[in-house]
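A.B. asks: attaching a predicted model along with its sequence, questions to come.
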Amino acid sequence: MAQPALADIRPSDRTVDARASRILARSLFRDMRSNGYGNQQILALATELIDLVTRDMRGEGDDAPERSHEGVELQVVGGRS
C-alpha cells in the first residue's frame with residue numbers, strides 16, 4: 001500500500017502523523033548527508049525550523065525580524081537545478 005502524501009494526512013491521525021514526520025526527517029537527513037552537509041549545517045537547519053514553528057505559534061509568522069545563527073551557514077553542495 002502506498003504511503004499517504006503529507007498533505008493528505010489528517011492532524012487528528014497522530015500515529016500516521018508521527019510516522020510520517022520520522023520518515024520525512026530521516027529522508028531529509030540522508031539527503032543532506034549524501035549532498036555533503038555536516039553536523040553543524042544540519043543542526044542549523046533544525047534550529048531554523050524550530051524557530052519558524054515557534055514564531056508561527058506565537059503569531060509572529062513572517063513579520064518577525066530575521067535572526068542569524070552566527071558561526072553556522074548552510075551551503076548548497078552539489079545542488080540540483
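C.D. replies: Arrived safely, thanks for sending.
A.B. asks: now the helices for the chain?
C.D. replies: 14-34, 39-57 (DSSP state H).
A.B. asks: as TSV, those helices with mean neighbour count and mean pLDDT would be great.
C.D. replies: Every residue, glycine included, has its C-beta placed from N, CA and C. What follows is these, written out as TSV (neighbours: other Cβ atoms under 10 Å; pLDDT from 0 to 100):
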stretch	mean neighbour count	mean pLDDT
helix 14-34	12	90
helix 39-57	13	95
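A.B. asks: where does R58 sit relative to L52, distance-wise?
C.D. replies: 11 Å (Cβ to Cβ, to the nearest Å).
A.B. asks: how about R22?
C.D. replies: For R22 relative to L52 (Cβ to Cβ), the value is 20 Å.
A.B. asks: what do you get for G38?
C.D. replies: 21 Å.
A.B. asks: dump the residue contacts of M57.
C.D. replies: Not one residue lies near M57 by Cβ atoms under 8 Å, 6 or more residues apart in numbering.
A.B. asks: measure it to E48 for me?
C.D. replies: 15 Å.
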